[in-house]
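S.K.: give me a 3D structure for the following:
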Amino acid sequence: FVKCSVAATQALEGEKTAKLILDAYWMQGQCALMGRDFSQARDALQDFKDNANINDPRFEIAKTQLSAIARGEEPGGVKKW
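M.R.: Numbers count the residues shown, from 1 in each chain. I've put the predicted structure just below:
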C-alpha cells in the first residue's frame, strides 16, 4: 500500500499531461482503498471524477466507490467501517 501511494504521488509530481494526472488520481484512490484510507480515497476519486471524461470506463466505478464511501460502506457495499 505504501509503495503504491508513493508511486501515485510521484506520478502526480512528474509530467503533467491530462492522461497521466487522471491515471495518478485513479491509482491514488485505488491504493487508498486497498489501505482502507477512505478519506484519501474519497479525495483522490473525487479529483479523478471531476477531471475524467464521462466515457472513461473508470468514471462509473469511481462514482460507485464514492457513493459507497459516502454511505459509510466499503466500496463493495458489503461491510460497514
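S.K.: below-threshold pLDDT in the protein: ranges please.
M.R.: The chain contains residues with pLDDT under 70 at 1-17, 75-81.
S.K.: so which residues of it form strands?
M.R.: In the chain, no strands are found when defined by DSSP state E.
S.K.: list the contacts of the most centrally placed residue in the chain.
M.R.: Nearest to the geometric centre of the chain sits residue 29, at 2.2 Å (CA atoms, centre = their mean). By CB atoms under 8 Å, 6 or more residues apart in numbering, the residues touching residue 29 are 40, 41, 44, 45, 48, 62, 65. C-beta here means a position set from N, CA and C on the backbone, and glycine is covered the same way.
S.K.: name the residues of the lengthiest helix in the chain that are buried.
M.R.: Criterion DSSP state H: the longest helix present in the chain is helix 18-34. Neighbour-count burial for helix 18-34, with 16 or more other CB atoms under 10 Å as criterion, is recorded at 21-33.
S.K.: columns distance to residue 58 on top of those residues, output as CSV?
M.R.: Converted to CSV, the buried residues of helix 18-34 look like this (distance: CB to CB, whole Å):
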residue, distance to residue 58
21, 13
22, 8
23, 9
24, 13
25, 10
26, 6
27, 11
28, 13
29, 9
30, 9
31, 14
32, 15
33, 13
